[in-house]
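Peer 1: Have a look at this fold, sequence not included:
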């Protein structure tokens, strides 16, 4: 009897060790291998980063980056040779780094700035957007530039690079506000601007455009395009998964290189038919136009710097070597 | 591969200073709020046991109002809704988050303290009340000399819990822009992307505060023990 029991204990211990070891090994597998096995791509989606990734009125997670995610999964199907489902996982901006580092999601497709400290613990894709930290004020209060902020109250959101940039400018004496107010979400920040708790609210151009568009009276606010900081956006992935990062980068280049009409089936599923009627549009252009074109609620004209950045990223014939088959 | 720990961020400047600053802010925020909570709580708790109907009703309304709304919502209410109604001078005051955090936390905790005080006072044996009244004490004297000293001591253990909770709840002040211990540790997380380390530092900070509170309240309990009651001699 006693022998049986100790044998059982030994057996259970071994089983536990083996299962822990395999779990640990499984952690080290690349995303592409994982997707090949599970058929699921876990994509992180910001809850309120319009127009890049947000939850719309119907509770759907949509946006520029999310459209890209579905297209990415489509290309991934070609690579791994099986159906790939996208599982969208909502998250708050402040937790984005840990959830990617821990592997809770395979790729973060929202609106995250590529910074050196983040790059220490994560990998970034090539930039898909160039945003500048600017500020929004109430119209007709005589604030047209950074100098006009002397003695005013400025605000930004907790745990963002915008707040960091703002704080650094204040510490360096380049902006001399009376007070820096820290808010919890962009919605609260906008509320603070509306109720005159702050005189200027700092964040990315794109997000301010979205906030302004969602206001009851958008014409009451002005975005002052004097930037304190320029930020390239990249999609975030786990550190040191080179195969996956290459795949995502090639995907981005492919969308920049490929004419929209070439991929009509997938794109029409995403509702990008109208944009594709423009003959010169690439896939990237079409998706950009859907979310940030002149006819949308959040028009963000591309700056010259942004266009140059995109042009420089293209390299020829990427579609001939990609996606490579397993 | 995995997450690269860098415990140095806790002790490096300026982060070490931020944490220390946050630690003291949490300490002050919790202590002042606790002062408000104890003061208001004893008053509200007491009037809930008075033999006057209107007083009891007022106490009940206060307690049910503050106890049944999430603290987070209350803080947003105090910080975003009330100040613009009071006036722009108030809305744009420099230390508004700080003031509203202390106030909001204080009045919320008061409602919880009041409930403990009420049950403490109600647990004073009926005979004590009758004995007091029959010796000719007025209602005020009865409460001042018999019921409060008696009932309050009975309630020291649950009051200790509330004292601890006020420090833990003070972390919510971060959501209205007060950079207390949690706020600072999140800030370090944003600046350095080592939030695991900075949050661990915050955990240690809260532990230090919590254990000190328990030690202090243990000492208070020992000092105020009633002979013959709750293990007193």
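Peer 2: Perfect, I can see it now. Given the structure is predicted, the values throughout are model-derived calculations rather than measurements.

Peer 1: can we go C-alpha only for contacts and neighbour counts from here?
Peer 2: Will do.

Peer 1: Please list the residues of chain A that sit near chain B.
Peer 2: Proximity of chain A to chain B, by C-alpha under 8 Å from any C-alpha of the partner chain, involves residues A:28, A:94, A:97, A:101-102, A:117-118, A:121, A:153, A:158-161, A:164, A:179, A:181-184, A:192, A:195-198, A:239-240.

Peer 1: Among those residues, name the ones in strands.
Peer 2: Counted as lying in strands by DSSP state E, out of the residues of chain A next to chain B, are A:153, A:179, A:181, A:182, A:183.

Peer 1: For these, which single residue is the most surrounded?
Peer 2: With neighbours defined as other C-alpha atoms under 10 Å in any protein chain shown, the most crowded of these is residue A:181; it has 26 neighbours.

Peer 1: coming back round to it: if any of the residues of chain A next to chain B are buried, put those into a ChimeraX selection.
Peer 2: Selection of buried members from the residues of chain A next to chain B for ChimeraX, criterion 16 or more other C-alpha atoms under 10 Å in any protein chain shown:
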select /A:94,97,101,118,121,153,158,159,160,161,164,179,181,182,183,184,192,195,196,197,198,239
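
Peer 1: partner residues bridging residue A:107?
Peer 2: residue A:43, residue A:237 (DSSP bridges).

Peer 1: burial count for it?
Peer 2: So residue A:107, with other C-alpha under 10 Å, has 26 neighbours.

Peer 1: quick one, what contacts it?
Peer 2: Going by C-alpha atoms under 8 Å, 6 or more residues apart in numbering or on different chains, residue A:107 touches A:42, A:43, A:44, A:100, A:235, A:236, A:237, A:238.

Peer 1: Among those residues, which one sits closest to chain B?
Peer 2: Comparing the contacts of residue A:107 against chain B with C-alpha to the nearest C-alpha places residue A:238 closest, at 8.6 Å.

Peer 1: I'd like to know how far the closest one sits from residue B:203.
Peer 2: Look at residue A:238 and residue B:203: by C-alpha to C-alpha, to the nearest Å, they are 27 Å apart.

Peer 1: out of those two, which sits in the more crowded spot?
Peer 2: Between residue A:238 and residue B:203, counted using other C-alpha under 10 Å, the more crowded position is residue A:238 (30 against 15).

Peer 1: There's contact between that one and residue A:100 in this structure, I believe.
Peer 2: Yes: with contact defined as C-alpha atoms under 8 Å, residue A:238 counts as touching residue A:100 (5.8 Å).

Peer 1: Show me the common contact partners of these two, please.
Peer 2: By the contact definition C-alpha under 8 Å, 6+ apart, residue A:238 and residue A:100 are jointly contacted by A:106, A:107, A:122.

Peer 1: Let's test this: what are the backbone torsions at the first one?
Peer 2: In terms of degrees, to the nearest 10, the main-chain angles of residue A:106 are phi -80, psi -30.

Peer 1: quick one, what contacts the nearest residue to it once chain neighbours are set aside?
Peer 2: Leaving aside its sequence neighbours, residue A:106 sits nearest to residue A:42 (C-alpha to C-alpha, 6 or more residues apart in numbering or on different chains; 5.2 Å). With contacts defined as C-alpha under 8 Å, 6+ apart, residue A:42 is in contact with A:86, A:87, A:88, A:89, A:104, A:105, A:106, A:107.

Peer 1: Buried subset of those residues, written for ChimeraX?
Peer 2: To isolate the buried ones among the contacts of residue A:42 in ChimeraX, judged by 16+ other C-alpha under 10 Å, type:
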select /A:86,87,88,105,106,107
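
Peer 1: Arrange the contacts of residue A:42 in CSV, one row each, with pLDDT and secondary structure as further columns.
Peer 2: Output for the contacts of residue A:42, formatted as CSV (pLDDT from 0 to 100; DSSP: H, G, I helix; E, B strand; the rest coil):
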residue, pLDDT, secondary structure
A:86, 93, strand
A:87, 94, strand
A:88, 93, strand
A:89, 92, strand
A:104, 89, coil
A:105, 93, coil
A:106, 94, coil
A:107, 95, strand
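
Peer 1: out of the contacts of residue A:42, which one sits closest to chain B?
Peer 2: Relative to chain B, the closest of these is residue A:104; by C-alpha to the nearest C-alpha it sits at 12.5 Å.

Peer 1: looking at it, residue A:90 is touching residue A:46, isn't it?
Peer 2: Yes: contact criterion C-alpha under 8 Å: residue A:90 and residue A:46 qualify, at 5.7 Å.

Peer 1: Secondary structure element holding the most centrally placed residue in chain B?
Peer 2: Nearest to the mean C-alpha position of chain B, by C-alpha atoms, centre = their mean, lies residue B:166 at 3.3 Å. Here residue B:166, judged by DSSP states H and E, is contained in helix B:156-169.
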